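K.L.:
The following block contains a protein sequence and its predicted model.
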Amino acid sequence: MIAEILISDEIIPLRTSDTGEEALSMMDDFYVRHLPIVNNKQLLGLISEDDILNHDASEPVGSYSLSMTRPYASGKDHVYELLRLLAEYHLTLIPVVDNEENYIGVVTLEALLMHFAQMASFSEPGSI
């Protein structure tokens, strides 16, 4: 299975003009600790809850000095690659980009775990 199958259409990326307060509210709404920042479909990076709490939350996220690490997956990446990235960077979601590195969505840790649970038929009686 590839990443683009698991993309969530519920989580809206941040714009550089969104404030830290708005980002924290969205994180609460979606039960995640990270959100992508996108400008004109171009993925700029991820912001974490800790990044916001270490800055003035009333300021736009575009004014924050953030880590240069920009983990992302390609839409054609296998789900095991997503799992590796989520674990390596301790993420709650991973941005997915197309061949031109345009943002197309995110895959959440929850969606990935649900996929593995269904794949292993953990919901079937007697499966464990």
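P.N.:
Nice, I can see it.
K.L.:
which stretches of the chain aren't confidently modelled?
P.N.:
For the chain, the stretches flagged by pLDDT under 70 are 68-69, 120-128.
K.L.:
80 - rerun?
P.N.:
1, 66-69, 116-117, 119-128 (pLDDT under 80).
K.L.:
Pick out the residue closest to the middle of it.
P.N.:
Nearest to the mean C-alpha position of the chain, by C-alpha atoms, centre = their mean, lies Leu93 at 3.0 Å.
K.L.:
How about stretch 56-75, which residues are buried there?
P.N.:
Pro60, Val61, Gly62, Tyr64, Leu66, Tyr72, Ala73, Ser74, Gly75 (16 or more other C-beta atoms under 10 Å). (C-beta placed from N, C-alpha, C; glycine too.)
K.L.:
Look up phi and psi at the residue nearest to the third one when sequence neighbours are not counted.
P.N.:
Pointing back at Gly62 there. Taking C-beta to C-beta, 6 or more residues apart in numbering, and ignoring the residues beside it in sequence, Gly62 has Thr16 as its nearest neighbour in space, at 2.8 Å. Phi and psi for Thr16, reported as degrees, to the nearest 10, are phi -60, psi -20.
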